[in-house]
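*Asks:* structure for this input, please:
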Amino acid sequence: MTVTEPGSYPRRRDVRDARTSPAGRPARPAAADASRSATATAVRTPAPRRPVDGAAGPDAPRGPAAGPQEGVGDVSLIHAGDDPRGRHASGAGEGFTRLVLLTVLGAAVPGTGLIAAGRRVRGWLVLLPVLAALGALLAVVGTGRLAPLAQRVVFDPQAMLVVAVGALVLAAVWAVVIVASHAGLRSTVTRGGLTRAQRLASLLLVTALVAVVAAPSATAARYALANRSLLMTVFGHDSDGGASPDTGAADPWASVPRVNVLLLGADTGADRVGTRPDTIIVASIDTRTGNSTLLSLPRQLEDVPFPQGSQAQALWPSACKADGAGGCMLNAVYLFGTQHPDLFGGTANGNDPGIEATKQAVAEATGLPIDYEVKVDLEGFQQLVDAMGGITLNVPRDIPIGGGTNLETGGKYKITGWIKEGPAQELDGFHALWFARSREGSDNDDRMRRQQCVISAAVQQYDVTALAAKFPALASAAEQNIQTDIPSKELSAFVDLGQRVKGGDLRALSFTKDNISTGHPDYRALRQLVADAIAPPPAAVATATATTSVTPAPAPSASATASADQAVDPTTTC
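*Replies:* Below is the predicted model:
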């Protein structure tokens, strides 16, 4: 008989005969056994097997064994604490490694942790939607529809709000699933509870997993809300341009062979009367090839035409001269529009009459319809460059920071620093701005060439991935400093067009004293220069002979061979 006290474990070395001990000592008195727990469990020790005849050798006794057999009827008396694993073993912490692994699995694949914890219904309710979402994502990726779908969502303000809320809800639900999975696993996987160190490790593990889920979800929500704010603020109204892409077509620009975008750099300094664009550039883009031409118009261009028979034509420039000083040149057209809003569509629905006036004047001067416009405050340009981490420019000579003339007093501004000459100079927003706008020691022609260099460098150096990585800072800067009539519903098409522009050729033509007279311009000749500049370059004619091999001489650079009337690669001028 084996007598086991509660909480005790059997041990072979404590087996004693019910009457005498193996050493012949008297058995424990009954009174001593009475002090044992009354709830002891009696288990009969199994009798040893009887040897098979002949199996134990020739001298082994045959037949039934005579006399009592040792071990039959023995009592094993087990004392509390006689644990074969050690006196102080309790079983606490067993299964901790499995707990950790299943918790991580439950966080990576939501629902699996609940299933492993025995909560199968809840687990499958979580896991099945996850599997369905993954299957849908794989189907979209496999069919090549991911990029178009993502663009439609990114450029839809309402979709961005749904994404932001959805990201936060997803993070909250995911965190609850992680905590619930871990709690369920602790009660089923581990035996004897966890040690203090293991409880602390479990807390850190769950916290880390929740943070891993929450951080990207919070970032996604922040990006979505920033993008929504940008779309609502900067792209808040539809364009009235005549070259709108078909956003539902596979190629949205198939029916639009060319698009012309007016780029304005606004100078709103304290010494200025109203806003006067400091930079006026038309970007004419071949939508099929991505080849683009930058047409830089001098701000001091006079006798600017307006559409024939319009009220603006009748009033300009006499109204300009009557309304204020500073000259009635091209950069004064913006102020003229703001002072006569009724001539340019008023101010309803976000319309800017100053920009509309400038678009009309530039269209008449160049002979190109202006489809869209983008106005950037020059101080905001500094923030945009800083948000992108700077820009690399070739500086052809030392460029002064400061200088120039105060238009109100006629006094000279002090030069406060210099941008040193050198190739591949890394410039931040402040120095890039002064590189583009510095007047001291240069004329407007030189400034226009430097501005073209900045635009060319930005096209080459900034790609979609870089823009996405810097998006929150860019969105903040853009909201305060960019104005455009490109509608948000067409942004997806413009992203496609931007990729074509990046892969196409970029040329530039500046209208300077070398090819026009800014004081008395011949606009018919100017329009012909524009038409020649945007025309596709002549195809190279390849000639070969079968009998001779001639090594051609090195071709001269574009800057050395091109005349002032030709569009050239802007990188050759800086």
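*Asks:* what residues of stretch 195-208 count as buried?
*Replies:* For stretch 195-208, a neighbour-count test (16 or more other CB atoms under 10 Å) marks 198, 202, 205-206 as buried. For glycine as for every other residue, the C-beta is placed from the backbone atoms N, C-alpha and C.
*Asks:* so which of the residues you listed are in strands?
*Replies:* Within the buried residues of stretch 195-208, no residue falls in strands by DSSP state E.
*Asks:* how about these in TSV, adding pLDDT and distance to residue 427?
*Replies:* Below are the buried residues of stretch 195-208 laid out as TSV (pLDDT from 0 to 100; distance: CB to CB, whole Å):
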residue	pLDDT	distance to residue 427
198	90	55
202	92	52
205	95	47
206	96	47
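*Asks:* out of the residues you listed, which comes closest to residue 128?
*Replies:* For the buried residues of stretch 195-208, the residue nearest residue 128 by CB to CB is residue 206; the value is 23.8 Å.
*Asks:* and the next helix or strand past the helix ranked longest in the chain?
*Replies:* For the chain, the longest helix by residue count, based on DSSP state H, is helix 196-234. Heading C-terminal from helix 196-234, the first helix or strand you meet, by DSSP states H and E, is strand 258-267.
*Asks:* could I get the buried residue list for that following strand?
*Replies:* The neighbour-count check on strand 258-267 (16+ other CB under 10 Å) flags 259-267 as buried.
*Asks:* centre of the chain versus it, how much separation?
*Replies:* With CA atoms, centre = their mean, to the nearest Å as the basis, strand 258-267 stands 27 Å off its chain's centre.
*Asks:* so what strands line up beside it?
*Replies:* With DSSP bridges as the test, strand 258-267 is paired with strand 276-286 (antiparallel), strand 372-377 (parallel).
*Asks:* tell me the most buried of those?
*Replies:* strand 276-286 (a mean of 23; mean count of other CB atoms under 10 Å).
*Asks:* could you export that one as PDB, CA atoms only?
*Replies:* The C-alpha trace of strand 276-286 is given here as PDB (Å, rounded to 0.1, in the frame of the first residue of the first chain):
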ATOM      1  CA  ARG A 276       4.400  91.600 -57.900                       C
ATOM      2  CA  PRO A 277       5.500  88.300 -59.400                       C
ATOM      3  CA  ASP A 278       9.300  88.200 -59.300                       C
ATOM      4  CA  THR A 279       9.500  85.000 -61.500                       C
ATOM      5  CA  ILE A 280       7.300  84.500 -64.500                       C
ATOM      6  CA  ILE A 281       7.900  81.200 -66.300                       C
ATOM      7  CA  VAL A 282       5.700  79.100 -68.700                       C
ATOM      8  CA  ALA A 283       6.300  75.400 -68.600                       C
ATOM      9  CA  SER A 284       5.100  73.900 -71.900                       C
ATOM     10  CA  ILE A 285       5.000  70.100 -71.700                       C
ATOM     11  CA  ASP A 286       4.600  67.600 -74.500                       C
END
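*Asks:* and stretch 157-173, what's its mean pLDDT?
*Replies:* Regarding stretch 157-173, the rounded mean pLDDT is 94.
*Asks:* typo on my end, stretch 423-430
*Replies:* For stretch 423-430, mean pLDDT is 92.
*Asks:* what residues does that stretch touch?
*Replies:* Judged by CB atoms under 8 Å, 6 or more residues apart in numbering, the contacts made with stretch 423-430 from elsewhere in the structure are 381-386, 390-395, 419, 435.
*Asks:* what about 6 Å?
*Replies:* Applying CB atoms under 6 Å, 6 or more residues apart in numbering, the external contacts of stretch 423-430 come out as 382, 385-386, 390-395.
*Asks:* give me the nearest residue to residue 504, chain neighbours excluded.
*Replies:* Residue nearest to residue 504 in three dimensions, not counting chain neighbours: residue 290, with 2.9 Å by CB to CB, 6 or more residues apart in numbering.
*Asks:* would you map the helices across the stretch 451-574 of the chain?
*Replies:* Assigned by DSSP state H, counting those that start in this stretch, the helices in the stretch 451-574 of the chain fall at 464-469, 471-481, 491-503, 523-534, 558-561.
*Asks:* now those in JSON lines, please, with extra columns for mean neighbour count.
*Replies:* Listed next are those as JSON lines, based on neighbours: other CB atoms under 10 Å:
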{"stretch": "helix 464-469", "mean neighbour count": "12"}
{"stretch": "helix 471-481", "mean neighbour count": "18"}
{"stretch": "helix 491-503", "mean neighbour count": "18"}
{"stretch": "helix 523-534", "mean neighbour count": "16"}
{"stretch": "helix 558-561", "mean neighbour count": "11"}
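*Asks:* wait, which of those helices is closest to residue 338?
*Replies:* That would be helix 471-481 among the helices of the stretch 451-574 of the chain, by CB to CB, at 18.2 Å.
*Asks:* quick one: list the elements packing against that closest one.
*Replies:* The helices and strands touching helix 471-481, judged by 3 or more CB pairs under 6 Å, 6 or more residues apart in numbering; DSSP states H and E, are helix 196-234, helix 378-387.
*Asks:* most packed of those helices?
*Replies:* Compared across these, helix 378-387 shows the largest average neighbour count, a mean of 20 (mean count of other CB under 10 Å).
*Asks:* immediately after it, which helix or strand?
*Replies:* For helix 378-387, the following helix or strand on the C-terminal side (DSSP H and E) is strand 391-395.
*Asks:* give me the buried positions along the helix or strand following that following strand.
*Replies:* Helices and strands here follow DSSP H and E; after strand 391-395, the next one along the chain is strand 399-402. Under the neighbour-count criterion of 16+ other CB under 10 Å, strand 399-402 has 399-401 buried.
*Asks:* mind listing what strand 399-402 pairs with, with the direction of each?
*Replies:* If you go by DSSP bridges, strand 399-402 pairs up with strand 415-419 (antiparallel).
*Asks:* what's in contact with the strand it pairs with?
*Replies:* Contacts of strand 415-419 with the rest of the structure, by CB under 6 Å, 6+ apart, involve 395, 398-403, 431, 435.
*Asks:* turn those into CSV, including distance to residue 305.
*Replies:* Formatted as CSV, the contacts of strand 415-419 follow (distance: CB to CB, whole Å):
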residue, distance to residue 305
395, 37
398, 39
399, 34
400, 35
401, 37
402, 36
403, 34
431, 37
435, 32
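*Asks:* from those residues, pick the one nearest residue 374.
*Replies:* For these, the nearest to residue 374 is residue 435 (20.2 Å; CB to CB).
*Asks:* name the residues of whatever helix or strand that closest one lives in that are buried.
*Replies:* Per DSSP H and E: residue 435 is located in helix 429-437. The neighbour-count check on helix 429-437 (16+ other CB under 10 Å) flags 429, 431-437 as buried.
*Asks:* next: stretch 149-166.
*Replies:* Buried, per 16+ other CB under 10 Å, within stretch 149-166: 151, 153-157, 159-160, 163-164.
*Asks:* equivalent analysis for stretch 122-129, please.
*Replies:* Buried, per 16+ other CB under 10 Å, within stretch 122-129: 122-123, 126-127.
*Asks:* show me how this protein divides into domains.
*Replies:* The chain resolves into domains spanning 1-50+71-89, 96-234, 258-537+557-573 when parsed by automatic domain parsing.
*Asks:* okay if I get these as TSV plus distance to residue 244?
*Replies:* Formatted as TSV, the domains of the chain follow (distance: least, CB to CB, whole Å):
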stretch	distance to residue 244
domain 1-50+71-89	79
domain 96-234	15
domain 258-537+557-573	7
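*Asks:* worst mean pLDDT among those?
*Replies:* Mean pLDDT per stretch puts domain 1-50+71-89 lowest among the domains of the chain, at a mean of 47.
*Asks:* for the closest residue to residue 210 other than its chain neighbours, the count of nearby residues, please.
*Replies:* Spatially, and ignoring its direct neighbours in sequence, residue 210 is nearest to residue 175 (4.6 Å; CB to CB, 6+ apart). For residue 175, the neighbour count with other CB atoms under 10 Å is 18.
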